[in-house]
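In: Need a 3D model of the following:
(one chain, ligands or ions: 2)
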Amino acid sequence: MKKKYTLFFTIIFISSILFTSCAKKEEPSVTKENYLLGTIVQLTVYGKNAEKAVNKAMDIISDIDDKMSPSKENSEVSKINKNAGKAFVKVSDDTFTVIKKSLEYSKLSNGAFDITVGPLVNMWAIGTDKARIPSPQEIKTGLNLINYKDVILDENTKSIKLRKPNEAIDLGAIAKGYTADKVKETLIKEGVKTAFINLGGNIVTVGNKLDGSLWNIAIQDPLKIRGEYFGIAKVSHKSVVSSGNYERYFIKNGKRYHHILDTKTGYPSDNGLIATTIISDNSIDGDALSTTTYVLGLDKGMKLVESIKGVEAVFVTKDKKVYTTSGLKDSFKITNEEYIYEKGR
Ligand code: ADP
Ligand code: MG
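Out: Ligands and ions are numbered 1, 2, ... in the order given. Presented below is the predicted three-dimensional model:
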């Protein structure tokens, strides 16, 4: 779950846009940064209680990391994986909620989103120094172990079991979204009215900018280096989450292998989409849906998001066409003229 450090530059970039457009001298603000959840998290909070609120939020992120990291030996996720085919593992409400939500998105996407992609994620090891192309036999083994229906939930005891040995879950596509929502909730409880939450590109805003205007969220250009954007979304009280083939990848013989896996082929999803962005109220939905729609592809992905109230999307295809949901007309603008705007489908 290691993120490339290049992500750092995007964060600096987004932050600098925000600071130039929103800093108001008289309002105290605190910015803190940490390496958690396999990525760089950065919180900027305004107001008198900012310092205390940021510290509380960081503790919460660290606690969720301890519970959901697939690489920490004592995490709840690791315990579930170690007990695959053997025993139920009692987990926290946090982990239970995220896994339950994951299964909803698996059902909704007919398995395109599937946290039991764990064994394949481990084989590919994308984003780590062990990244490689698994053999066809390994891919076959990994595919045989993907089945969200094998994640058994016991609501009464808040316990979870994987049905078969060697099955493994990976919450990398949804944990950051859940955490971002929890951070927002915590900050609001602490009396914060204005904040910008960035968990490795999962953006959540609290309130409007200090001057009352909307936030401008720059959306990474999937074909350019970090920090270059192709469009801007104007939002208030929203989550903005992107998934893309530029996020974590390696290149072998001129071909790019990225970290979002097609659960039908076992290989990185390759259906014409190169970036998806979801704008929603809750970041857990945004995170799950950015990955889900990336795997589903343009037509099915668009159909899915159009069917969910309050969720908007921006999709980019290989040939630089940009598709948005109908509700986004006024709040998303293409800023790079190389991209062609196509109407929502
Ligand atoms: P990021 O973590 O870079 O923000 P995503 O939210 O799209 O990007 O999540 C990608 C991560 O999700 C992968 O690194 C892997 O851990 C996991 N994953 C990959 N493919 C799938 C899939 N089809 N369904 C669920 N999780 C996936
Ligand atoms: Mg995601």
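
In: Please make it C-alpha for all contacts and neighbour counts, starting now.
Out: Fine.

In: For ligand 2, what is the nearest residue in the stretch 101-250 of the chain?
Out: A173 (3.7 Å; C-alpha to the ion).

In: How about the stretch 201-345 of the chain?
Out: Counting by C-alpha to the ion, the stretch 201-345 of the chain gets nearest ligand 2 through D287, at 3.6 Å.

In: Measure how buried the residue of the stretch 101-250 of the chain closest to ligand 2 is and give me the count.
Out: Neighbour count of A173, defined by other C-alpha atoms under 10 Å: 20.

In: Check whether it really touches D285, as I assumed.
Out: No. A173 lies out of contact with D285 (C-alpha atoms under 8 Å); the separation is 10.5 Å.

In: give me the element the spatially most central residue of the chain is part of.
Out: Of all residues in the chain, the one closest to the mean position by C-alpha atoms, centre = their mean is D287, 3.9 Å from it. Using DSSP states H and E, D287 sits within helix 283-296.

In: which secondary structure elements does that helix contact?
Out: If contacts are counted by 3 or more C-alpha pairs under 8 Å, 6 or more residues apart in numbering; DSSP states H and E, helix 283-296 sits against helix 93-108, helix 175-189, strand 202-206, strand 239-244, strand 273-280, helix 298-306.

In: for the record, mean pLDDT for the helix or strand that the third one is followed by?
Out: When you say that, I think you mean strand 202-206. Counting by DSSP H and E, the element after strand 202-206 in chain order, helix or strand, is strand 215-220. The average pLDDT within strand 215-220 is 96.

In: Give me the angle between strand 215-220 and strand 273-280.
Out: Angle of strand 215-220 versus strand 273-280, following axes from the mean of the first three to the mean of the last three C-alpha atoms, to 10 degrees, is 160 degrees.

In: Neighbouring strands - and their directions - for strand 215-220?
Out: strand 229-235 (antiparallel) (DSSP bridges).

In: remind me which residues of this structure are low pLDDT?
Out: 1-26, 343-345 (pLDDT under 70).

In: List the buried residues of the longest helix seen in it.
Out: Taking DSSP state H as the criterion, the chain has its longest helix at helix 50-68. The neighbour-count check on helix 50-68 (16 or more other C-alpha atoms under 10 Å) flags 50-51, 53-54, 56-58, 60-68 as buried.

In: Closest to L43 out of those residues?
Out: Distance to L43 across the buried residues of helix 50-68 (C-alpha to C-alpha) is lowest for V54, with 6.9 Å.

In: wait, isn't the closest one in contact with Q42?
Out: No. Checked against C-alpha under 8 Å, the pair V54 and Q42 is beyond contact range at 9.8 Å.

In: joint contacts of the two?
Out: 31-32 (C-alpha atoms under 8 Å, 6 or more residues apart in numbering).

In: what's the burial count for the residue nearest to M123 when sequence neighbours are not counted?
Out: Computed as C-alpha to C-alpha, 6 or more residues apart in numbering, the closest residue to M123 that is not its neighbour in sequence is P134, at 6.2 Å. Residues near P134, counting by other C-alpha under 10 Å, number 17.
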